[in-house]
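A.B. asks: Sharing a model that was predicted from the sequence below.
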Amino acid sequence: MIDLEEQGWQALSTDVEASKTFYNSVLRDDAIMLFPGGMIIEGKEKILQSLAAQPWKSFRIEEPRVISLSESAEVLVYRVTAQREDSKPYVALINSTYEISGGMWKLVLHQQTPV
């Protein structure tokens with residue numbers, strides 16, 4: 001689970017196409033992402049369309065914890081410090097909920113809370 005989330009941050013640190021390729025494979029069709037400022041993005045297609053931001057220059061995942069909800073669902077909770085070129089560091093508490101679907105982990109819900 002932690003490796004999958006790390007792969008997502010790595011894709012977001014590369015370029016838009018790498019991000020779209022990764023998230024196309026991991027998002028559930030009805031996934032939801034909740035971002036600071038009240039931004040809600042619902043559905044795989046809308047999330048993929050939103051992946052046009054400047055790539056992260058660096059990121060660090062700290063204190064990851066996995067909470068098992070069932071044999072096929074888990075929540076990953078962690079703190080991230082990430083930075084884009086010429087920007088202040090972004091520090092947030094993150095939770096990502098995954099479910100096994102078709103034998104693969106799929107991202108269902110992702111939420112970021114800045115600290």
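C.D. replies: Nice, thanks for sending it over. Numbering: from 1, shown residues only.
A.B. asks: sec struct for Ile47, please.
C.D. replies: On the three-state scheme (DSSP: H, G, I helix; E, B strand; the rest coil), Ile47 is labelled helix.
A.B. asks: in the sheet, who's paired with Val91?
C.D. replies: Beta-bridge pairing for Val91 (DSSP bridges): Thr81.
A.B. asks: hang on, it packs against Arg79?
C.D. replies: Yes: when contacts are counted by CB atoms under 8 Å, Val91 is listed as touching Arg79 (7.1 Å). Backbone N, C-alpha and C define where each C-beta goes, glycine included.
A.B. asks: Check the contact lists of the two and give me the overlap.
C.D. replies: A shared contact of Val91 and Arg79, defined by CB atoms under 8 Å, 6 or more residues apart in numbering, is any residue touching both; here these are Val115.
A.B. asks: Next, the contact list for Thr21, please.
C.D. replies: Ala11.
A.B. asks: Double-check that it belongs to a helix.
C.D. replies: Yes: read with three-state DSSP, Thr21 is one of the residues of a helix.
A.B. asks: Quick check: pLDDT value at it.
C.D. replies: If you check Thr21, the pLDDT there is 96.
A.B. asks: Tell me which helix or strand the residue of the chain most remote from its centre sits in.
C.D. replies: Most distant residue from the mean C-alpha position of the chain: Asp86, 22.1 Å away (CA atoms, centre = their mean). For Asp86, there is no enclosing helix or strand under DSSP states H and E.
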